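Participant: mind folding the following:
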Amino acid sequence: MAEYDVAIEYIFGLMKDGTLKVGDKLPTERAIAAELGIGRNKAREALSILSGMGMIESRQGSGNFVSGNASGAIKNMIIMMMALNTISRQEVCKFRRDMEKAVCSSLISDPPSEEIKNRIKDTLRAMDGLSGEELAKADHDFHNALVKATGCGISRFALSCLKFRFADAISYNYFAPFIIIYIAWVVIYTSINYVRTGSSSLNPKPAWINIVFLILVIIWGVVRNILNI
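Facilitator: Numbering: from 1, shown residues only. Got it, this is the predicted structure:
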């Protein structure tokens, strides 16, 4: 086992036995190194890894403290995975919806107290008449209230890692404007052609309309790839 792994296991051990709790200050690099018989640079590396995991936070001039903010680190990892197209926003939101369905099922099978129910209802009523950012915040508060009502810490943790708006995952068809214009042209031409000749041909003339449409679609596809939109 690498020396920094030894340091990480040591700190995890202090957390497990209750010696370290959220908000507590960790031993210094020097103290960890002396306790474990490892180099200070290895102790520093272990603290850096724990910081990246969101388990501790470094405060300038004060030292390192237990933060328990692993959800923030996981959320950042999910954002990075979406940026790299490893996962999609749609997949993240589908998972969140599935989790929230499980939360609702839990509340149905094990209803909360009347006090909590009334609190949830008040949160829901607060959404009436809201829009934009205010509605988004109220919606977020409502879902948090549901998760909190289950009393399940792992559910709160999992959903706190997925604080993404569903609106961000709505798939918009960027070709829609061209398709709508093209369909409108086909309908208009077909109607006029039918009135004039009695023919119901769906092939719009002049033929260059088809060519222009295809060129516009190709150009827009190239632009989307270049701009990554």
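
Participant: immediately after the helix or strand hosting Met99, which helix or strand?
Facilitator: Assessed by DSSP states H and E, Met99 sits inside helix 89-109. Per DSSP H and E, helix 89-109 leads on to helix 114-125 as the next helix or strand towards the C-terminus.

Participant: now whichever helix or strand comes after that next one: buried residues?
Facilitator: For helix 114-125, the following helix or strand on the C-terminal side (DSSP H and E) is helix 132-150. If you call a residue buried by 16 or more other CB atoms under 10 Å, then helix 132-150 has these buried ones: Ala138, Asp139, Phe142, His143, Ala145, Leu146, Val147, Lys148, Ala149, Thr150. Glycine gets a C-beta too; all of them are placed from N, C-alpha and C.

Participant: which residue packs closest to Arg30, ignoring adjacent ones?
Facilitator: Excluding its sequence neighbours, the residue lying closest to Arg30 (CB to CB, 6 or more residues apart in numbering) is Arg40, at 6.2 Å.

Participant: measure that neighbour to Gln60 for me?
Facilitator: As defined by CB to CB, to the nearest Å, Arg40 lies at a distance of 19 Å from Gln60.

Participant: what's the angle between the helix holding Met99 and helix 132-150?
Facilitator: Interaxial angle of helix 89-109 relative to helix 132-150 (axes from the mean of the first three to the mean of the last three CA atoms, to 10 degrees): 50 degrees.

Participant: give the buried residues for helix 89-109.
Facilitator: For helix 89-109, burial by neighbour count (16+ other CB under 10 Å) applies to Arg89, Val92, Cys93, Phe95, Arg96, Met99, Glu100, Val103, Ser106, Leu107.

Participant: got it, and stretch 30-41?
Facilitator: Across stretch 30-41, burial judged by 16+ other CB under 10 Å covers Ile32, Ala33, Leu36, Ile38.

Participant: where does this structure have low pLDDT?
Facilitator: When residues are selected by pLDDT under 70, those of the chain lie in 163-187, 189-214, 217-218, 220-229.

Participant: quick one: the strands in it?
Facilitator: Applying DSSP state E to the chain gives strands spanning 56-59, 63-66.

Participant: which strands and helices sit next to the first one?
Facilitator: The elements that strand 56-59 packs onto, with contact taken as 3 or more CB pairs under 8 Å, 6 or more residues apart in numbering; DSSP states H and E, are helix 40-52, strand 63-66.

Participant: distance check, Asp128 against Lys121.
Facilitator: 12 Å.

Participant: same question, Asp24
Facilitator: In this view, Asp24 and Lys121 are 38 Å apart by CB to CB.

Participant: pretty sure Thr123 contacts His143?
Facilitator: No. Under the criterion of CB atoms under 8 Å, Thr123 makes no contact with His143, lying 9.3 Å away.

Participant: contact partners for the closest residue to Gly39 other than its chain neighbours?
Facilitator: Leaving aside its sequence neighbours, Gly39 sits nearest to Ala33 (CB to CB, 6+ apart; 6.2 Å). Contact analysis of Ala33 by CB atoms under 8 Å, 6 or more residues apart in numbering lists Gly39, Arg40, Lys42, Ala43.
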